[in-house]
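Undergrad: Structure for this input, please:
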Amino acid sequence: MKKIITLLLLSTAFFAHSQVGIGVASTSVSASALLEVSSTSKGFLLPRMTASQRAAISSPATGLLVFQTDAPVGLYFYNGTTWLLSGAAKPTTEQFTATAGQTSFTLGQTPQNAKVWMYINGVRTNNSAYTINGTTITYSPSSNNSYTIVVGDRIQFDYCY
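TA: Residues are numbered from 1 along each chain as shown. Sure, this is the predicted structure:
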């Protein structure tokens, strides 16, 4: 009988499933969470490291999260193939060689928050010199000291999408 009880206790301990709540009543831990942290006055601090330290993680698990402390600073997660900066807009630059009097340009992506910086031959234009509608940028010479784009002008747009 003693052997049966010992075997029963060991098997129960082996197959038991538990959840951990930190700052949460044990009966309040979400059924879908293995770990739940709750606080109204403190945050959750992830592991902090440099890009080279993050790159040195051997066989990172899919979904692994770290906070990178050097540029580009931010929350990174491993998607099973590569590390991605979480929640960040992707910066990009698009360049065009202008035709005479060109006023319309089509970007490859829709700018996030309609924030776009336009340069003509390396000189930043006034924000009011162009309008944004989806992926289309329309340049207005009258809002940029009446500068009319000429053949060969280098037009550059910097934006995040």
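Undergrad: quick one, what contacts the residue lying closest to Leu107 once chain neighbours are set aside?
TA: In space, and not counting its chain neighbours, Leu107 is closest to Thr135: 4.5 Å by CB to CB, 6 or more residues apart in numbering. From N, CA and C alone the C-beta is placed, and that goes for glycine too. Neighbouring residues of Thr135 by CB atoms under 8 Å, 6 or more residues apart in numbering: 106-111.
Undergrad: Which pair of the residues you listed spans the longest distance?
TA: Thr106 and Pro111 (12.0 Å; CB to CB).
Undergrad: Comparing the two, which residue is more hemmed in?
TA: A count of neighbours by other CB atoms under 10 Å puts Pro111 above the other of Thr106 and Pro111, at 20 against 10.
Undergrad: For the more buried one, which residues are in contact?
TA: Per CB under 8 Å, 6+ apart, neighbours of Pro111: 132, 135, 159-161.
Undergrad: same thing with Thr99?
TA: Contact analysis of Thr99 by CB under 8 Å, 6+ apart lists Val151.
Undergrad: Apply 6 Å and report the result again.
TA: The contact partners of Thr99, by CB atoms under 6 Å, 6 or more residues apart in numbering, come to none.
Undergrad: that older thread, any idea how far Thr106 is from the residue nearest to Leu107?
TA: Per CB to CB, to the nearest Å, Thr135 is found 6 Å from Thr106.
Undergrad: Kindly report the same for Thr131.
TA: As judged by CB to CB, Thr131 and Thr106 stand 14 Å apart.
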